[in-house]
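**Student:** Structure for the following, please:
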Amino acid sequence: MTKNNSQDVEGAGIGRRRFLNSAAAIGITSVGLAACQESSNTTAAPAAASGPANAAAPVANAHVGGAGSAEVKPGQLDTHYALWSSGHTGDARVLGIPSGRELLRIPCFVPDALIGWGLTNESKAVMGTRADGSLRYTVGDTHHVHGSYKDGIYDGKYAWINDKINSRLARLRLDYMVCDKITKIPNVQGFHGIFPDRRDPVDPAIDYTTRVFCGQEFHVPMPNKGAHLEDPKQYHCLFTCVDAETMDVRWQARIDGNCDLVATSFDGKLAASNQYNTENGALYPDMMAAERDACLFFNIARIEQAIKDGKFTTIGDSKVPVVDCTVEANKDPATALSVRVSTPKNPHGVNASPDGKYFICSGKLSPTATVIELQKVLDWFDGKLEDIDKAIVAEPEIGLGPLHTTFDGKGNAYTTLFLDSQVVKWNIDKAIQKHAGDKEINPIVHKLDVMYQPGHINATNAETKEADGIWMAVGNKFSKDRFLPVGPMHPENDQLIDITGEQMVLVHDNAVRPEPHDFIIFKRDWLHPKQVYELDEHPQATKDTDSAGVTRNGNKVTVRMISFAPSYTPIEFKVKVGDEVTLFLTNIDKVEDLAHGFALPEYNIQFVVNPQETKSVTFKIDQPGVFWYYCTNFCHALHLEMRGRMIVEA
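**Tutor:** Numbers count the residues shown, from 1 in each chain. Reported below is the predicted structural model:
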């Protein structure tokens, strides 16, 4: 098949893609995995241009397949929204699909100079501060983002995104597209996968999201206070449940092995995490010993009943109830809170099919995907299934390095093949038939080359019961020769694929900053963002010029200011060296998209207020002089003149 056609020589030193391929291939060989035996009609994506002569070569015709054109012309709107994690920039992105246009970045875990996130009092309260008022954390690593549900589809209310580095969970309000709460998960390290419940697991009358589940990836001693440092047998991970509304941690479950990703069933009854390192090893070689790892299922109703019955412990100084979901404590189906279904070693990714019937785990170090029937898992808890591995209804061989899976709502699954640099389309029912004994059936429908080493994948509406099978995006870890070189750090490559036909068609490339991770894509009419704030949302809003002004209480000064294009009120104010100033700024303009900025030289202050929004900053006056504050966001023909004076007396 066609792959990269650039030169083999990649400068001084081995190239990232070649190194990773080689290392992974060695790992696979070392554990004796067979190459994929299935075959299909494979389509190579158009080769990347290797020199200036081919720089203008098109990736693909924008008018392809049943999805229509990927081109969104001036004045037209995208048909779908996408929420993307942004990786090391610690925020979330909002994209339009199919255009791939970046519409917004939503800061949450790290400061953002554009809007003043991490500078204003309101954002610092969300992010968390030390005793001296400085931010507790200034780095973040977002991985997975998922939205809240009602009746099996997104309701446009919330989304959640994780910070792997510092074990934080952020909630995004989708009406204003802002982060409104961040929770630090206690007792854990390396918190990775997340997923909300799709309906309440206890009360069948509640058909919307009430909980968010979080999986710990790095096992540690518990409590991690200096004991058992060299004894991995004393290490554990926790599976955490967070309340969707309050963002308080409801409970945690102690488990064996490391969590990767998280999924939930459409009926609300089950949550799951695919697990690697069931060996409980500390170092890489120790994590590769077992031939099979697992997908761990949690019976949520039983866990919460156990907590009500007082069957829990706590860890260290944390008050969060912790139940025992280790294998040894959960062998009896009648009382078990959790159960393991075996999968090939080091699985990567677990996803629920839109029909609610199956969870699919990808092999990573096996060329297979494991299809688990959820009803059979419930049957095991009810004592109707003797062997939990009988819940496995298919394990098709689909290609090398399978990672993540998405769906088209037509019975087909699409899985990224990291080592093959491909996406494979395969039919779930055919895979089940073959597993049942019909060896003549080939579940593989089509394979498509992507550029290069794909990780996460998602199709339009695919995480809901209304998957529409129109567009699919795939996030590739390396782009190499797909874009103009910009120095040693290459952009990564999100690619859009039309999945309306029997064969997938690659439509276009999107260069992105390293290193984005997971994403969801959904119809635009599922989201109804507000374009003007409600003035009363902030308790300190200054509503008119009569309420604006300066008050003093000793050396504490409060400035209440309004912005109304093209001026501030008050247009000047006086303070003294040594004063502590708290400035509230309310934008009383009501015109959508008429934002004002506030920048104050020498005091490290810059932030944005949207129409009818209020923000505040607190700072210490440390030098005399005249300091002009000014509007940073173009707002009026007299924008340049929109300024005022802070006069500081010695």
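**Student:** Regarding this protein, what is its longest strand?
**Tutor:** strand 153-163 (DSSP state E).
**Student:** now that one, how far from the chain's geometric center?
**Tutor:** Centre-to-centre, strand 153-163 and its host chain are 9 Å apart (C-alpha atoms, centre = their mean, to the nearest Å).
**Student:** now swap in stretch 588-598 and tell me
**Tutor:** Distance of stretch 588-598 from its chain centroid, counting by C-alpha atoms, centre = their mean, is 30 Å.
**Student:** circling back to that earlier point, and after the longest strand of the chain, which helix or strand comes next?
**Tutor:** strand 168-173 (DSSP states H and E).
**Student:** So which elements touch whichever helix or strand comes after that following strand?
**Tutor:** The helix or strand immediately downstream of strand 168-173 is strand 178-184, counting by DSSP H and E. Here strand 178-184 touches strand 102-107, helix 121-127, strand 168-173, going by 3 or more C-beta pairs under 8 Å, 6 or more residues apart in numbering; DSSP states H and E. In this view, the C-beta of every residue, glycine as well, is placed from N, C-alpha and C.
**Student:** re earlier: helices or strands up against the longest strand of the chain?
**Tutor:** Partner elements for strand 153-163 (3+ C-beta pairs under 8 Å, 6+ apart): strand 142-150, strand 168-173, strand 191-196, strand 519-523.
**Student:** Can you list the strands that that strand pairs with?
**Tutor:** Applying DSSP bridges to the sheet, strand 153-163 is found paired with strand 142-150 (antiparallel), strand 168-173 (antiparallel).
**Student:** if we can go back for a sec, need the helices and strands packed on strand 178-184 in CSV (columns: distance to Glu71, mean pLDDT and mean neighbour count).
**Tutor:** Output for these, formatted as CSV (distance: least, C-beta to C-beta, whole Å; pLDDT from 0 to 100; neighbours: other C-beta atoms under 10 Å):
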stretch, distance to Glu71, mean pLDDT, mean neighbour count
strand 102-107, 17, 96, 18
helix 121-127, 37, 98, 18
strand 168-173, 29, 98, 23
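**Student:** Now tabulate these in CSV and tack on distance to Lys357.
**Tutor:** As requested, the helices and strands packed on strand 178-184 are exported to CSV (distance: least, C-beta to C-beta, whole Å):
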stretch, distance to Lys357
strand 102-107, 34
helix 121-127, 39
strand 168-173, 29
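**Student:** Tell me which of these lies nearest to Pro491.
**Tutor:** strand 102-107 (12.7 Å; C-beta to C-beta).
**Student:** hmm, who's touching the closest one?
**Tutor:** Applying C-beta atoms under 8 Å, 6 or more residues apart in numbering, the external contacts of strand 102-107 come out as 86, 89-96, 112, 114-115, 117-118, 123, 172, 177-179.
**Student:** which among the residues you listed end up buried?
**Tutor:** Buried by 16 or more other C-beta atoms under 10 Å: 86, 89-96, 112, 115, 117-118, 123, 172, 177-179, out of the contacts of strand 102-107.
**Student:** ranges for the helices of the protein?
**Tutor:** Ranges of helices in the chain, per DSSP state H, are 16-30, 121-127, 300-308, 374-381, 428-435.
**Student:** quick one: low-confidence parts of the stretch 301-450 of the chain?
**Tutor:** The stretch 301-450 of the chain contains no residues with pLDDT under 70.
**Student:** run the last query once more with 90
**Tutor:** By pLDDT under 90, the weakly predicted segments of the stretch 301-450 of the chain are 345-346, 348, 363-365.
**Student:** pLDDT wise, what is the closest residue to Thr545 other than its chain neighbours at?
**Tutor:** Using C-beta to C-beta, 6 or more residues apart in numbering and skipping the chain neighbours, the partner closest in space to Thr545 is Thr569 (4.9 Å). Confidence at Thr569, expressed as pLDDT, is 97.
**Student:** got the contact list for Pro624?
**Tutor:** Contact partners of Pro624, counting by C-beta under 8 Å, 6+ apart, are Val577, Val648, Glu649, Ala650.
**Student:** And Phe619, by the same measure?
**Tutor:** Per C-beta under 8 Å, 6+ apart, neighbours of Phe619: Glu580, Val581, Leu583, Leu600, Tyr603, Asn604, Ile605.
**Student:** Narrow those to just the buried residues.
**Tutor:** Burial by neighbour count, judged by 16+ other C-beta under 10 Å, picks out Val581, Leu583, Leu600, Tyr603, Ile605 from the contacts of Phe619.
**Student:** could I get those residues as CSV with distance to Ser338 and pLDDT?
**Tutor:** Below are the buried ones among the contacts of Phe619 laid out as CSV (distance: C-beta to C-beta, whole Å; pLDDT from 0 to 100):
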residue, distance to Ser338, pLDDT
Val581, 54, 98
Leu583, 52, 98
Leu600, 54, 98
Tyr603, 53, 96
Ile605, 50, 97
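**Student:** any chance of the residues you listed in a markdown table, plus distance to Asp200?
**Tutor:** Compiled in a markdown table, these are given as follows (distance: C-beta to C-beta, whole Å):
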| residue | distance to Asp200 |
| --- | --- |
| Val581 | 47 |
| Leu583 | 43 |
| Leu600 | 48 |
| Tyr603 | 48 |
| Ile605 | 44 |
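**Student:** What is the nearest of these to Asn412?
**Tutor:** Ile605 (53.1 Å).
**Student:** which ones are touching that closest one?
**Tutor:** By C-beta under 8 Å, 6+ apart, the neighbours of Ile605 are Gly116, Leu119, Phe598, Ala599, Val617, Phe619.
**Student:** With distance to Ile470 added, can I get the contacts of Phe619 in TSV?
**Tutor:** Converted to TSV, those look like this (distance: C-beta to C-beta, whole Å):
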residue	distance to Ile470
Glu580	55
Val581	53
Leu583	48
Leu600	48
Tyr603	50
Asn604	46
Ile605	45
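**Student:** which residues touch the residue most central in space within the chain?
**Tutor:** What sits nearest the mean C-alpha location of the chain, by C-alpha atoms, centre = their mean, is His144, with 2.1 Å. Shown in contact with His144 (C-beta under 8 Å, 6+ apart): Ser85, Ile161, Asn162, His192, Gly193, Ile194, Phe195, Leu261, Val262, His517, Asp518.
**Student:** Excluding sequence neighbours, find me the nearest residue to it.
**Tutor:** Closest residue in space to His144, ignoring its immediate chain neighbours: Asp518 at 4.3 Å, by C-beta to C-beta, 6+ apart.
**Student:** thinking the one you found is in contact with His143, fair?
**Tutor:** Yes: if you go by C-beta atoms under 8 Å, Asp518 and His143 touch, sitting 6.3 Å apart.
**Student:** what touches both of those two?
**Tutor:** Ser85.
**Student:** what's across from the closest residue to Glu463 other than its chain neighbours in the sheet?
**Tutor:** Nearest residue to Glu463, sequence neighbours excluded (C-beta to C-beta, 6+ apart): Ile520, at 5.6 Å. Beta-bridge pairing of Ile520 under DSSP bridges involves Leu83.
**Student:** before we move on, the earlier item: could you single out the nearest of the contacts of Phe619 to Ser273?
**Tutor:** The nearest one, if we look at the contacts of Phe619 relative to Ser273 and count by C-beta to C-beta, is Asn604, at 42.1 Å.
**Student:** List the contacts of that closest one.
**Tutor:** Asn604 makes contact with Leu119, Phe619 under the criterion C-beta under 8 Å, 6+ apart.
**Student:** Quick check: beta-bridge partners of the closest residue in space to Glu466 that isn't next to it in sequence?
**Tutor:** In space, and not counting its chain neighbours, Glu466 is closest to Ile153: 5.4 Å by C-beta to C-beta, 6+ apart. Bridge pairing for Ile153 (DSSP bridges) gives the partners Lys150.
**Student:** Please shift the residue numbers so they start at 23 in all later answers.
**Tutor:** Yes, from this point I'll number from 23; that puts the last item at Ile175.
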